[in-house]
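# one predicted model, sequence on top.
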Amino acid sequence: MELQFVKMHGIGNDFVLVDCMSSDTPELGQLARTLCRRRFGIGADGLLAVCPSQVADYRMRIFNADGSEAGICGNGLRCVGKYAYEHGISCSIEPAVETGAGVRRLHLAIGSDNRVEAVTVNMGHAVTAPALVPLNTVTALINSPVENCGEELRLTALSVGNPHGVVFVSDLYGCKFELLGPRLECHEIWPEKANIEFVKIIDSHHIAMRAWERGVGETLACGSGACAAAAASVLNGLVKWPVEVQLSGGTLSISTDADGSLLMTGPATEVFSGTAGV
């Protein structure tokens, strides 16, 4: 079987995108494991599938490189929004997109060449209630001590469609990221594992972070992680809205609307397209 695909990225968080609008592609989890392998496949952090929806303009499904399905992906939503507009799936500049975490609304900034220059995603509210994150704890974790690798870390747990753990550090490259990231991802406090963000405060409106994504490992960017990092930084009184989040692959702007929903703005890039034998 030959499969048409497009390779895209959102500030370095890269994806293989498959268009399932006219025909369903089976076994998407297995397809993600095959196509996302670095050096042995196309190579990507995850697989995006654009599918029909009964409740929105179209549906996005996102699979991590290990084949597990995630509820939402901010960088993936920007890529899907650009792809859908430029490939004629939707002509709306404010499409509604169904995700595993609910319907999300996008706003597309269109340039003079009718290409999508940037995408703003309404990521919904950040929540800290243990049952909603979810957590295996009775109380919320807000800068709370968590034992890991013989060290006591202070972690803020919240969900932005996916579970996230945010740890504030003074040095992003001297914080044992490669050791603590995977162990925190699988810590017993998470019933479904979690994405982990290590965050350094720069000033009252700027932070820097490194992202350890569950089922993937370190990525150059994580859109929902940037939202979680910004929300946790505000929640802990360390910064004020709006927040510029500097990631390894680029910068995302995070703000809020009148009802407190998180708005994430950044670019999306189509790299190349091709056909894969699967």
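Here it is on my side, so go on. Residues are numbered from 1 along each chain as shown.

# show me which positions of stretch 25-35 end up buried.
Residues of stretch 25-35 classed as buried by neighbour count (16 or more other C-beta atoms under 10 Å): 25, 28, 31-35. Placement of C-beta: from N, CA and C, glycine included.

# which ones are touching residue 207?
Contacts of residue 207 were listed using C-beta atoms under 8 Å, 6 or more residues apart in numbering, and they are 199-201, 229-230, 233, 238-239, 243-246.

# cutoff 6 Å now
199, 201, 233, 245 (C-beta atoms under 6 Å, 6 or more residues apart in numbering).

# what about it, which helix or strand?
strand 206-213 (DSSP states H and E).

# next secondary structure element downstream of that strand?
For strand 206-213, the succeeding helix or strand toward the C-terminus, using DSSP H and E, is strand 217-219.

# quick one: distance of that following strand to the chain centre.
11 Å (C-alpha atoms, centre = their mean, to the nearest Å).

# relative to that strand, what are the paired strands and their orientations?
strand 206-213 (antiparallel) (DSSP bridges).

# beta-bridge partners for residue 165, please?
Beta-bridge partners, per DSSP bridges, of residue 165: residue 157, residue 196.

# any idea how many residues pack against it?
29 (other C-beta atoms under 10 Å).

# swap in residue 158?
For residue 158, the tally of surrounding residues (other C-beta under 10 Å) stands at 27.

# contact partners of stretch 253-271?
In contact with stretch 253-271 (C-beta under 6 Å, 6+ apart) are residues 7-11, 74, 78-79, 82, 118-125, 223, 227, 230, 241-245, 252.

# average pLDDT for the strand or helix carrying residue 62, rounded please.
For residue 62, the host element (DSSP H and E) is strand 58-64. Averaged over strand 58-64, pLDDT sits at 96.

# in the strand holding residue 207, what counts as buried?
Buried-residue list, strand 206-213, by 16+ other C-beta under 10 Å: 207-213.

# that older thread, determine which two of the buried residues of stretch 25-35 are furthest apart.
Across the buried residues of stretch 25-35, the longest distance by C-beta to C-beta is 13.8 Å; it joins 25 and 33.

# phi, psi of the closest residue in space to residue 84 that isn't next to it in sequence?
Nearest non-adjacent residue to residue 84, counting by C-beta to C-beta, 6 or more residues apart in numbering: residue 90, 4.8 Å away. The phi and psi values for residue 90, taken as degrees, to the nearest 10, are phi -150, psi 130.

# now do the buried residues in the lowest-mean-pLDDT helix or strand in the chain.
When each helix and strand of the chain is scored by mean pLDDT, DSSP states H and E, strand 144-148 comes last, with a mean of 89. Neighbour counts over strand 144-148 (16+ other C-beta under 10 Å) mark 146, 148 as buried.

# so what strands line up beside it?
Under the criterion DSSP bridges, strand 144-148 sits next to strand 151-159 (antiparallel) in its sheet.

# what about stretch 243-251, start to end distance?
The distance separating the two terminal residues of stretch 243-251, taken as C-alpha to C-alpha, to the nearest Å, comes to 10 Å.

# show me the contact partners of it.
If you take C-beta under 6 Å, 6+ apart as the criterion, stretch 243-251 is touched by 11-12, 205-208, 220-221, 226, 230, 252-254.

# spell out the secondary structure type for residue 31.
Following DSSP: H, G, I helix; E, B strand; the rest coil, we place residue 31 in the helix state.
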